[in-house]
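Novice: Pasting a predicted model and its sequence here:
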Amino acid sequence: MMNLEALQKRVQAIDPVQYGRSRNYSNGAVTELGPYIARGVIDTAWVADTLRESGWSFFQAQPFLQQLAWRDFFQRVWQSKGEGINQDIRQAQEAVLHHQLPGAMLHSTTGIGAIDQALDRLNDTGLMHNHLRMYTAFLNCHQARAHWFLPAQWMYAHLLDGDWGSNALSWQWVAGTFSNKRYCANQENINRFTGS
């Protein structure tokens, strides 16, 4: 854990332009500030203010600020809907075969190297890159055809930066229950962003 001074230095060192260019890549310029935001050590407004005070323009910082805004949006939805975020919000998840956690998630045996490595890292450190979270949710919801809720709970229990609003609503977005269309990934996309 970092103290507040070290956190401030880390935020001041963020290059939001590089973040915007590389954030979707598993080796991209991510900040790993999530655990500190999720636990209330720092908040998104403070991070945004610190970036502005470091001289970055809104345009330069926009990709980074958008991610902060998504986190805040999910929190507001959670505050508004409460326990309602534990149910399919807009429409039912399509083609669900079961309400279990696929064993491949538990044992890191999906057969996709980058995802299995990310699952191992999640188990070892409590960290997982956001894009790999989406791929994992995609495999659960659309390949294994599991309902999103139990796998989302499983991931949340492992995440160092887990907050239920962001986690549950991101899973619902991937599952297509909180958006007009579901999120889809393919091997080409996974290879591009993970280098595998």
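Specialist: Here it is on my side, so go on.

Novice: CA atoms for contacts and neighbours, from now on please.
Specialist: Noted.

Novice: which residue ranges form the helices in the chain?
Specialist: All helices of the chain, identified by DSSP state H, fall at 4-12, 16-22, 34-38, 44-53, 58-81, 103-107, 113-125, 130-138, 149-158, 164-175, 187-194.

Novice: count of neighbours near Gln117?
Specialist: Gln117 is flanked by 16 other residues according to other C-alpha atoms under 10 Å.

Novice: residue nearest the centroid of the protein?
Specialist: The residue lying closest to the centre of the chain (C-alpha atoms, centre = their mean) is Asn130, at 3.7 Å.

Novice: who are the neighbours in contact with that one?
Specialist: Asn24 (C-alpha atoms under 8 Å, 6 or more residues apart in numbering).

Novice: From Asp49, how far out is it?
Specialist: 23 Å (C-alpha to C-alpha, to the nearest Å).

Novice: Give the residue farthest from the middle of this protein.
Specialist: Gly55 (27.3 Å).

Novice: Run the chain-centre distance for the one helix or strand in the chain whose mean pLDDT sits lowest.
Specialist: Here the helix or strand of the chain ranked lowest by mean pLDDT, DSSP states H and E is helix 4-12, holding a mean of 91. Centroid displacement of helix 4-12 relative to its chain, using C-alpha atoms, centre = their mean, to the nearest Å, is 22 Å.

Novice: What is that helix packed up against?
Specialist: For helix 4-12, the helices and strands in contact under the criterion 3 or more C-alpha pairs under 8 Å, 6 or more residues apart in numbering; DSSP states H and E are helix 44-53.
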